[in-house]
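>>> Pasting a predicted model and its sequence here:
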Amino acid sequence: MKADIEKNKRAAEARWSKIKDWTQFSNRVERHFLHAAEEAKDSGFFCSLYVSKETDHKQIQLATGSHPTGDSKAIRNEFGQKTGQKKIAESGGALVVSQSTLGDVAIILYPLKSENLSRIKDKIIWSVSLSPGTISSRMLDSAIRDFFVYLRVSSALLNESRYDRFKIAYLEFRASKYESKGHFAKIIFSKWFWPTVVAFGTIVSIVSGLKSLAG
């Protein structure tokens, strides 16, 4: 019993440490996001970006505003008669960093969408980390770059490149490891998979070499 009590105490302290680290971490994320928004504005990025922070919900996001796509939709009354025209706008793009009750931190990407255009997958879980301390500035910069690619791919205003499409397809597949049906992705992106593949390849090479010597 004493051993279990001690383990519970350490587990509680570990959780509290992660919760406590959020304030300093979120300030760092906010600085990254503000810099990205300012740089995008100075570079003439195709849409405006805004940074918002929810302290109570432990969430911070870099998000797009709403902007017209150039398309329009007819407005009809209850009899099906056209009474006007409505301009279509797209919005909803966001890079969200949030902390769960347990202290884990998730980085999630949301695409742009409109009445005329939306993606099959409504988000990409970019990363789930065990604590704020495991997310480096380099990771944040990488997430921001992928977010910009996601905006380009999901916007009705732009034609994305083949590389952009491949990149987002890869991120969507990688994100499936966090889903209940993502069995294959869980194996591919597990920590032990690639070291095992490399080790197996090394063993095969050694055995082949020994056979050559024996021959």
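Ah, there it is. Numbers count the residues shown, from 1 in each chain.
>>> which SSE is the nearest residue to Arg165 once chain neighbours are set aside in?
Distances taken as Cβ to Cβ, 6 or more residues apart in numbering place Val153 nearest to Arg165, at 6.4 Å, with adjacent residues excluded. Every C-beta, even on glycine, is put in place using the N, C-alpha and C of the backbone. Per DSSP states H and E: Val153 is located in helix 137-154.
>>> What segments of this protein are strands?
With DSSP state E as the criterion, the chain has strands at 49-54, 59-64, 67-76, 82-90, 94-99, 105-110, 124-129.
>>> any idea how far Ala169 is from Thr134?
From Thr134 across to Ala169, the span is 26 Å (Cβ to Cβ, to the nearest Å).
>>> How about the helix holding Val153, which residues are buried there?
Neighbour counts over helix 137-154 (16 or more other Cβ atoms under 10 Å) mark Leu140, Ala143, Ile144, Asp146, Phe147, Phe148, Val149, Tyr150, Leu151, Arg152, Val153, Ser154 as buried.
>>> How about the contacts made by the second one?
The reference is to Ala143. If you count contacts by Cβ atoms under 8 Å, 6 or more residues apart in numbering, Ala143 has them with Leu95, Ile107, Leu109, Trp126, Ser127.
>>> Against Ile144, how distant is the third one?
Here the distance between Leu109 and Ile144 works out to 10 Å (Cβ to Cβ).
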